[in-house]
Structure formats: C-alpha cells, structure tokens
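# Mind folding the following:
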Amino acid sequence: MPGVALAAMPMDGVRLFGIRHHGPGSARSLVYALEAFDPDAVLIEGPPDANELLPLAGNSALEPPVALLVYAEGMPSKAVMYPFAKFSPEWQASLFALARRRAVRFIDLPHTHRFADAQEEEDDAAGSAPLRADALRPLAIAAGFSDTERWWDHLIESRSGRDLDVFGAIHEMMGALRAELKLPEPLTERRREAYMRKCVRAARSEGFERIAVVCGAYHTPALAELPPARQDDELLRGLPKVKTGAAWVPWSYERLASSSGYGAGIVSPAWYELLWEKRSALGSEWLTRAARLLRAEDIPASSAHVIEACRLADTLAALRNRPLAGLGEYQEAAVAVLGAGDATNLRLIDKRWHFDARLGHVPEDFPAAPLQRDLAALQTRLRLRPSVEVKTLDLDLREVLDRERSHLLRRLRVLGVEWAKPGQRGTSAKGTFHEVWQLLWQPEFSLRLVEASRYGHTVASAASAALAEKSANVHRLSELVRVLDDALFADLADAIRPLVTAIEQRAATQPDVSQLLDAVAPLVDVYRYGNVRDTDVTLVRHILDALVPRVLIGLVPAASNIDGDAAAILWKQMRETEHALAQLAVADFLGGWRACLKELASHPSVHALIAGYAHRLLYDSGEIQFEGLGLALSRALSPGTSAEVAAGWIEGLLSGSGTILIHDDRLRALLDGWLRSVPDQHFVEALPMLRRTFAEFPAPERRLLGERLKHGGNPPAAAPAGEFDTEAARRVLPILQTIWSKETAQ
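Below you'll find the predicted structure:
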C-alpha cells in the first residue's frame, strides 16, 4: 500500500502516524490507516505510568471526555492530566487495539522520572512547546491562512478520513521543518524521544511484526530512524525516580478548549465532536443548535435564519477556496445572520454552544486515589452528582440529608475544592435553618483532591488535618475563631477540641483588647447558629464565659488616650460586639456590658467618639434618661470643647442612625443650637466629620430630619393639634365593617 509506505515506514514492520491531539480528522484518518495496516501492537504517546489503566478505556461505562491523572505519591503537588475526547486520535487508537485484542501501551517518558527531574521543571519554564507551535505559522501564512489553527483544520481535520497519504505528507513536512528551523531541543524533549525509540526497540524484540506508533506529528522525524541503542541509553541513564499513581477522572469540554489555558486545547470541542460523528449536514445541525439556544434566551431565531446562515457559510468557503465550510465560516455567518451583525447575542450562548456542558463519567469501581473514592461514594449516597452547569442547592438544615450535604460541601471548601459557593437567599428562605449554595464542578478539582490526599484518605479526616495545619499558622484570635467556625459547621469533631484549646490559650494570654473584641462576634455566631445545625457548641460557651469578662475589664483602658483612627476601629468593633451580645441575650454579659458602657461614658480620658457612642447605647437601653443625655451633650458641646472633639462625640451619639433626632425634639433643638453658635473657624474644622456622620443616615431619615428643621422643629401638621376630623374617620367605617365581617365569618 504505497500511501502507508510513504507515511510511515522508517523501518521494517513499523509505521509512524503523526497526529494532532484532539483532532477529529486525524482520528478518522488514523482509524482508516490502522484498519489497512492491521498492526499487532499499538504504541501511543502517553504516560507509561498509566499503562495498567489503559485496558479500562474499552469499558463502555467510561464515557469521555475523561483524563488520565498521574501524580507523585508523597508529593501531591506534582500531578499532570492527559485529557481525551471521543475524537482524540489516541483514544481511538486505544479502542482499536482493545477491540481487536492487540497489544497497546503508552511510550512517553514516564513521570516516575519526570516528576523527580529538576530539568523537567526548567524546560517547562522555558516554554519550548509554543516555539514549535509557532514554527508552523509561516506555512499557514504561505497557504493563505491568518492562523495555524484554521490552516491545520483545513489541511487535516476537515478531510474525509479515507486518505492514507496524509500521514506521509505530515511526516515529510515535519522532517523538513525540523531540518530547516533547527530549533534547540530541550533536554527533556530529547529524553522523551529517546524513550519512545527505546519502546519501539522493545516491541520489536518481543516479536511484534507490525507496530503502529501514534505520536504528535512533531516527533515522527525523531522516530523515523533508530540510532544505536547505547546512545539513547546514555541519555536516559541515571534518571531519578519517584513512585507514581494514576487514575481515570472525569473531564469537561470547557477544560478541553484552548480558552481554558490548556496547551493542546481546541477552539470548540462541541464542533469537533460533530465533525467526528458526521460529515454531512454539519452546518445545518450546528446553526440549528445555535438558534435553539438563542430562542431559549428569548432572542428571535427562525429556521429561515438558519437556512440563510448556512448559505452564507458555504459562500464564504467558496470564496476562500475551501472544500467545505469550517467553524470559522459558520461563526461569521452566525454573527451576520443570527446576530444581525452583532456578536453580543452569540456571546450569551457561547459556552453552551461550544462546550455543551459536557462532563465525562468514570465508574466508581475504577482505581482511584482513596480520597477520590471516598468523595465519589459520598456524592452517590447524598445524591450530589457533579455537573459543569451551575446548579442551585437549597438546603433545610432540619433535615438529616440536607445537613450531611452541608457538611460535605463545607469540608470540601476547607480542602480548597470550591465546588459550592454561598448563593443568594430566595423568597423561600427558612431563616437560620436555611442554606443556599451554587454548585459548579470543575475538572481540575481532581488535582486538588490529589494534593489534599496528604492530609488523609477520607474527606472528613483530610479536612480535619487541613484545619489543624491552618490553625497552626494563624496569628489573630479572630482568624482562629473562623477556623473553629469551619470545623463546627463542617462537623469535624476531631478538629474542634484542639481548636477550642488553642483559642482558650490564645485568649488567656492575649493582652490586645482589639483582638479580643474581634473574636466576640464570630464566637457568638458560632454559638447561636451551631445549635441550629445540631452541632455541639457547649465548648464555645466556655470560651465566651472567659473571653467576655476580659473584654469588659480591658475596654476602658483601650479606649483612653487614643487618636481618631484607633477610636474609629474600636467603635466598629464595639458596634459588632453590642449587636452580638444583644442577640445572645445572656443576662450576665448584658449587665457587665452596660456597666462597662457607663464607665466609658463618664471617663475623662476616653475618646469622644467612644464616649458619645456609649451614651447612645445607654440612652437606647433606658439606662440614662434625656436629662442625663442632655447634660452630657451640653458638656460635650460647651464653648471650651474643641470643634473636633464635639463633632466626634456627636458622631458616636448618632452612630449611623438619625432616628433619635427625628423623634426627640429637645435633643434636635440642642444640637441645632450648638451648630448655629459654633464660630466659623471651628465650624469648618467640624464640618467633614459632621458630613460623614449625616451621610450615613438612610435617605428617608435625612428627608424627615430636613422637614422637621424646615418647619421649626415640628412635623408639618395635617390638621390643627387637638382637633379630630370626624368626617374623615366616618369614611373609613364601611371598610372596617367589611374586614370584621369577613373575620367573623371565618
């Protein structure tokens, strides 16, 4: 068969098939050529570390896109993915060999060496692969194409697939290209090609008579002739080794695309799948799918649009001397016809059109890392299947199943697997029993699970160990409390006791009141909401019993003789603490807090902002009456007090809410009188702080306050005070009678 001989006969019984990763045209031509050659051994560029898993590719339950995950045991940060789609030539070569019971194996340089080799990392950093890819660009331009992708698609991927000469042409082109450009090959690349040649020699020595070698097109010239074995052995001698593991994992079309950053990615996996599965009516099916997606977005797209777009794509192909319209032509036609010249509407459906939310499937009984197996079992038991589409999960934490789901999602977040992100509450919110999550599975989570395997072999044990490591590196007490929050809400019992002990020790030796204040509100949240989730939070109460008294003792010294910036920070912390203690409603805590506020309000060295805020809290709680508040305000606004101190005191008093000024005429009049009497120079000094204070009021409060001041401090009267509008009241009676009649009938 002269076509085959031209393509790949560097030595007796060996054929080289240079392909492009994830190329449907390459895959179609490869299958046809393999059927014609009928090899008894198929050698594929891929990781030999996963050779034991290669026979599983023939299992019909393994649904691409999938990837081979290869990782270094004990060095989980070292891992690599080898993705496959159904139209990947390597995948089709594997299926061909397995279906015919022929020998099949991977022949690339094993990662048992590559993970251990520092030179590998240097070569990766040098980025030699992009140089080889760019080397094809001059050929694409010479052929009249603007980029290499379109040129290769026209030359190879859009072919009929019943063409044996294509591999000979690719081999000849790559040989001439390497000879002409003479690009320096990194040491890792030379070792890879040496190992491939070593595998070819091994297959021949095993007695295989017809050997098919399927590899990236760039490598075929290096495998066409076998140098003396000792040269390759010398290049491979003494390579370091590490123990590796491998597993099949699900992959997605989105991560197979070049837009994801994948070096061997393609523009549109969904288009390539269509190109693989059928050769006729490509355009009508591709554009009909786009029209269907647009209609789902309430954008008009009829069958007439589809017909016109197909005609336009065919016309563009003819003008460009292409045998068939390709993805580029259909894209341009879709923008012109379906988008009326504007690509905005097409961007709405871009991901669904090109990626189809496709996620592969790996059976649970396949070999996998222990942590991955545990997660797969939990996903099945809790009925949480991974999806590359955003799914909203609404949990009711009173239900056992939903509570366990919450635990799993939170444990994964601890491990860096952000499968779930907090979502927005809807109208069906169930208060504190309610959680909403947005779920989106990313294939690279498999890598993070491998990295997390160093913590443990189950999700629970790994999350506990990860929190223990995190807590050892936390410096602020509030951050340590947040770690405890993660442990409690993820139901990680093994991590809770050590964290509680660490918090107690840190709180007992922490002299900084600011850090203690930071910890109160998070601890109260943990205590209150932990009970909702049926979590044992009694240990948290012990921490609060020790922490709150220390805050109350140290707050007055912390608020004394400080500058404005420190006072502003302390004020915000006090606001959070006030809110937290009010919600907790523990009598001892509230009593101590009120006593502390009284001391803050009366101490002469306390910053004016804190003193004013303390008065506001005491006034709201009824601990002081207007007379006491008016006296303190008069003292703070006395002529002997600087404008800056007075403005700070007022800012603390009003504390983000103007309600007190709207309803308390005497207080409003007192403040208004002070503003009217302030000298011009002092008014200019106080104005920025006053503007900041009043700017925090909600707009309705500012409007009502303006109306009060506009009418001399009183609200605009609808009727003279003391008079009752009998006629207006009489008009309401029929409505009230109707309402009461209905209630009586019920």
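# Can you give me the distance of S642 to E685?
Computed as Cβ to Cβ, to the nearest Å, the S642 to E685 distance reads 8 Å. No exception for glycine: its C-beta is placed from N, CA and C like everyone else's.
# Compare neighbour counts for the two and give me the winner.
Counted by other Cβ atoms under 10 Å, S642 and E685 do not tie: E685 has more neighbours, with 16 against 12.
# And for the more buried one, nearest residue in space, chain neighbours not counted?
A643 (4.5 Å; Cβ to Cβ, 6 or more residues apart in numbering).
# burial count for the one you found?
A643 has 19 neighbours, counted by other Cβ under 10 Å.
# how near is it to L654?
16 Å.
# for A334, same thing?
59 Å.
# For those two, indicate the residue with more neighbours.
Taking other Cβ under 10 Å, A334 and L654 do not tie; A334 has more neighbours (27 against 21).
# A309 is in contact with the more buried one, correct?
Yes: applying Cβ atoms under 8 Å as the test, A334 and A309 come out as touching, 5.7 Å apart.
# Overlap in contacts, these two.
Contact criterion Cβ atoms under 8 Å, 6 or more residues apart in numbering; residues shared by A334 and A309: L287.
# Give me the domain ranges for the chain.
The chain breaks down by automatic domain parsing into domains covering 2-256, 280-355, 370-452.
# Now do the end-to-end distance for the shortest one.
If I follow you right, that is domain 280-355. Domain 280-355 has its terminal residues 21 Å apart, counting by Cα to Cα, to the nearest Å.
# the strands in the chain, which residues?
Listed in chain order, the strands of the chain (DSSP state E) span 14-19, 41-44, 66-72, 75-84, 103-106, 211-216, 244-250, 391-396, 420-422, 434-439.
# closest to S478 out of those strands?
Across these, S478 has its closest neighbour in strand 420-422 (19.6 Å, Cβ to Cβ).
# which ones are touching I211?
13-15, 39-43, 200, 203-204 are the contacts of I211 under Cβ under 8 Å, 6+ apart.
# 6 Å - rerun?
Listed by Cβ atoms under 6 Å, 6 or more residues apart in numbering, the contact set of I211 reads 13-14, 41, 203.
# Which among the residues you listed count as buried?
With burial judged by 16 or more other Cβ atoms under 10 Å, the buried subset of the contacts of I211 is 14, 41, 203.
# correct me, but the last one touches V42?
To tie it back to what came earlier, the one meant is A203. No: using Cβ atoms under 6 Å, A203 is not in contact with V42, being 9.6 Å away.
# Put together CSV for the domains of the chain, with distance to H615 and mean pLDDT on each row.
Below are the domains of the chain laid out as CSV (distance: least, Cβ to Cβ, whole Å; pLDDT from 0 to 100):
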stretch, distance to H615, mean pLDDT
domain 2-256, 56, 85
domain 280-355, 56, 90
domain 370-452, 33, 84
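# possible to save these as CSV with distance to E273?
CSV is the format used below for the domains of the chain (distance: least, Cβ to Cβ, whole Å):
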stretch, distance to E273
domain 2-256, 6
domain 280-355, 10
domain 370-452, 15
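# Quick check: which of these is nearest to A729?
In terms of Cβ to Cβ, the element of those nearest to A729 is domain 370-452, at 36.9 Å.
# Could you tell me the end-to-end distance of that closest one?
11 Å.
# do the same with stretch 276-290
Length of stretch 276-290, first residue to last, Cα to Cα: 19 Å.
# So which of the domains of the chain is nearest D518?
Across those, D518 has its closest neighbour in domain 370-452 (21.5 Å, Cβ to Cβ).
# how many neighbours does A585 have?
With neighbours defined by other Cβ under 10 Å, the count for A585 comes to 9.
# what do you get for V732?
9.
# Please tell me how far it sits from T726.
Using Cβ to Cβ, V732 is found at 11 Å from T726.
# Nearest residue to G74 in space, please, no chain neighbours.
Using Cβ to Cβ, 6+ apart and skipping residues adjacent in sequence, the residue nearest G74 is K243, 7.0 Å away.
# Skipping its backbone neighbours, what lies nearest W286 in space?
The spatially closest residue to W286, leaving aside those adjacent along the chain, is Y330, at 5.6 Å (Cβ to Cβ, 6+ apart).
# Identify the residues contacting the one you found.
Counted by Cβ under 6 Å, 6+ apart, Y330 has contacts 283, 286, 313.
# so which of the domains of the chain gets nearest R635?
domain 370-452 (43.2 Å).
# what's the burial count for the spatially closest residue to M574 that is not a sequence neighbour?
Nearest residue to M574, sequence neighbours excluded (Cβ to Cβ, 6+ apart): Y613, at 6.5 Å. With neighbours defined by other Cβ under 10 Å, the count for Y613 comes to 29.
# Over to S605?
Per other Cβ under 10 Å, the neighbour tally for S605 reads 11.
# wait, doesn't it sit right on N561?
Yes: shown here, S605 and N561 form a contact pair, counting by Cβ under 6 Å, at 5.3 Å.
# Show me where the stretch 501-650 of the chain has its helices.
In the stretch 501-650 of the chain, the helices defined using DSSP state H, counting those that start in this stretch lie at 513-532, 538-559, 564-584, 587-602, 608-620, 626-636, 643-654.
# would you turn those helices into CSV with mean pLDDT and distance to V414?
Listed next are the helices of the stretch 501-650 of the chain as CSV, based on pLDDT from 0 to 100; distance: least, Cβ to Cβ, whole Å:
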stretch, mean pLDDT, distance to V414
helix 513-532, 76, 15
helix 538-559, 85, 18
helix 564-584, 88, 24
helix 587-602, 90, 30
helix 608-620, 88, 37
helix 626-636, 79, 48
helix 643-654, 80, 39
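# Need those helices in TSV (columns: distance to R373).
As requested, the helices of the stretch 501-650 of the chain are exported to TSV (distance: least, Cβ to Cβ, whole Å):
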stretch	distance to R373
helix 513-532	30
helix 538-559	33
helix 564-584	42
helix 587-602	47
helix 608-620	55
helix 626-636	66
helix 643-654	58
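# List just the one of these that sits closest to V70.
Evaluated with Cβ to Cβ, those place helix 513-532 nearest to V70, the distance being 41.1 Å.
# Skipping adjacent residues, who's closest to R322 in space?
Excluding the flanking residues, the one nearest R322 by Cβ to Cβ, 6+ apart is H154, at 6.0 Å.
# ditto for R594
Leaving aside its chain neighbours, R594 sits nearest to E623 (5.7 Å; criterion: Cβ to Cβ, 6+ apart).
# tally of neighbours for that neighbour?
By the criterion of other Cβ under 10 Å, E623 has 16 neighbours.
# ok, now A169?
Using other Cβ under 10 Å, A169 is surrounded by 16 other residues.
# I'd like to know which of the buried ones among the contacts of I211 is nearest to G168.
Minimum distance to G168 across the buried ones among the contacts of I211 is 14.1 Å, recorded for V14 (Cβ to Cβ).
# about what we covered before: what would the contacts of I211 look like in CSV with distance to F84?
Formatted as CSV, these follow (distance: Cβ to Cβ, whole Å):
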residue, distance to F84
G13, 27
V14, 24
A41, 20
A203, 22
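# Closest to Q379 out of the residues you listed?
Q379 has its nearest neighbour among the contacts of I211 in A41, at 38.5 Å by Cβ to Cβ.
# Roughly how far does that closest one sit from A229?
Taking Cβ to Cβ, one finds A41 at 19 Å from A229.
# Which residue, other than its chain neighbours, is closest to V500?
The shortest distance from V500 to any non-neighbouring residue, by Cβ to Cβ, 6+ apart, is to L539 (4.5 Å).
# cool, D374 as well?
D374 sits nearest to T458 (Cβ to Cβ, 6+ apart), 4.5 Å away.
# Count the neighbours of the one you found for me.
T458: 17 neighbours (other Cβ under 10 Å).
# One more: I349?
What I349 shows, counting by other Cβ under 10 Å, is a neighbour count of 21.
# hang on, it packs against L293?
Yes: using Cβ under 6 Å, I349 and L293 qualify as a contacting pair, with a distance of 4.0 Å.
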